[in-house]
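[1] I need the structure of the sequence given here:
(chains A and B)
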Amino acid sequence: QVQLVESGGGVVQPGRSLRLSCAASGFTFNSYAMYWVRQAPGKGLDWVAVLSHDGNNEYYLDSVKGRFTISRDNSKDTLYLQMNSLRVEDTAVYYCAKGPISGVVTHYFDYWGQGTLVTVSS
Amino acid sequence: QSVLTQPPSVSAAPGQKVTISCSGSSANIGKNFVSWYQQLSGTAPKLLMYENNKRLSGIPDRFSGSKSGTSVTLAITGLQSGDEADYYCGSWDSSLYAVVFGGGTRLTVL
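    Down below sits the predicted model:
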């Protein structure tokens, strides 16, 4: 069965960096687009970034452009999110999610991980 | 402020029907597909519906989706206590070039 397990969250000061990982299993990782979606405490969902199955196409939420970088290692079935210049407003649970259709970047996600909490605070 | 607009809460008794609306604009719902997610308390969101009205495999036919213009509706019939959750709509916004969500609707089964 599909499993997505995020790690790397924690407490970090404003301006510092953090890298999240998402270990995937149960499907052919290199065939599917992958996503990061975040949820601030008690708030709704915010899409953060998407990376195509081959790593050639990436898109970001405007507020994270230039600060966050999504990447993947298809040899390790792992998705990453490098977060630099973190701000208090980046505090959220970060979920990785899988695209539903092989080889296609879609606008919805069929499997989600359990999330990892990032807290940006001085 | 979310790009898509949902009512903050809805409620109904067990066995009844409830509808959750999601309104947007010509840049998102008006020209792109909508998906719906269910988030039970303390858990990750789960995909329920995609492409406006298609149910993910395993989702009961008590859940249905419809679209009209720049609005969509999720309907749940035969309400059960296990349906208590937050529900989110999502779509692609062709102007923002981003996936956008509604603010979420909390369903309470009375």
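[2] going forward, measure contacts between C-alpha atoms and count neighbours the same way
    Noted.
[3] what's the weakest-modelled helix or strand in chain A?
    Of all regular secondary-structure elements in chain A, judged by mean pLDDT, DSSP states H and E, the least confident is strand A:58-60 with a mean of 94.
[4] For residue A:30, grab phi and psi.
    phi -70, psi 0 (degrees, to the nearest 10).
[5] Mind giving me the packing neighbours of the least confident helix or strand of chain A?
    In terms of contacts (3 or more Cα pairs under 8 Å, 6 or more residues apart in numbering or on different chains; DSSP states H and E), strand A:58-60 is packed against strand A:45-51.
[6] avg pLDDT for the strand it packs on?
    Per-residue pLDDT over strand A:45-51 has a mean of 96.
[7] who does that strand pair up with?
    Paired strands of strand A:45-51, with direction, are strand A:34-39 (antiparallel), strand A:58-60 (antiparallel) (DSSP bridges).
[8] Nearest to residue A:94 among these would be which one?
    strand A:34-39 (4.3 Å; Cα to Cα).
[9] So which of the strands paired with strand A:45-51 is the most surrounded?
    Comparing the strands paired with strand A:45-51 by mean neighbour count (mean count of other Cα atoms under 10 Å in any protein chain shown), strand A:34-39 ranks first with a mean of 25.
[10] Can you dump the C-alpha atoms of that strand in PDB for me?
    The C-alpha coordinates for strand A:34-39 follow below in PDB (Å, rounded to 0.1, in the frame of the first residue of the first chain):
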ATOM      1  CA  MET A  34       4.800  14.900  -5.900                       C
ATOM      2  CA  TYR A  35       3.600  17.800  -3.800                       C
ATOM      3  CA  TRP A  36       4.000  19.700  -0.500                       C
ATOM      4  CA  VAL A  37       0.900  21.100   1.200                       C
ATOM      5  CA  ARG A  38       0.900  22.900   4.600                       C
ATOM      6  CA  GLN A  39      -1.600  23.700   7.200                       C
END
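[11] Give me the contact list for that strand.
    A:45-53, A:79, A:81, A:92-99, A:109 (Cα atoms under 8 Å, 6 or more residues apart in numbering or on different chains).
[12] just how off-centre is it within its chain?
    4 Å (Cα atoms, centre = their mean, to the nearest Å).
[13] same deal with stretch A:110-122?
    On Cα atoms, centre = their mean, the centre of stretch A:110-122 falls 9 Å from that of its chain.
[14] Ok, stretch A:84-101 next?
    The answer for stretch A:84-101 is 5 Å, by Cα atoms, centre = their mean.
[15] end-to-end on stretch B:67-87?
    End-to-end distance for stretch B:67-87, by Cα to Cα, to the nearest Å: 16 Å.
[16] ok, and for that stretch, which residues are buried?
    B:67, B:70-74, B:76, B:79-80, B:83-87 (16 or more other Cα atoms under 10 Å in any protein chain shown).
[17] Mind checking if it is in reach of chain A?
    No - using Cα under 8 Å from any Cα of the partner chain, stretch B:67-87 never reaches chain A; the gap is at least 9.3 Å.
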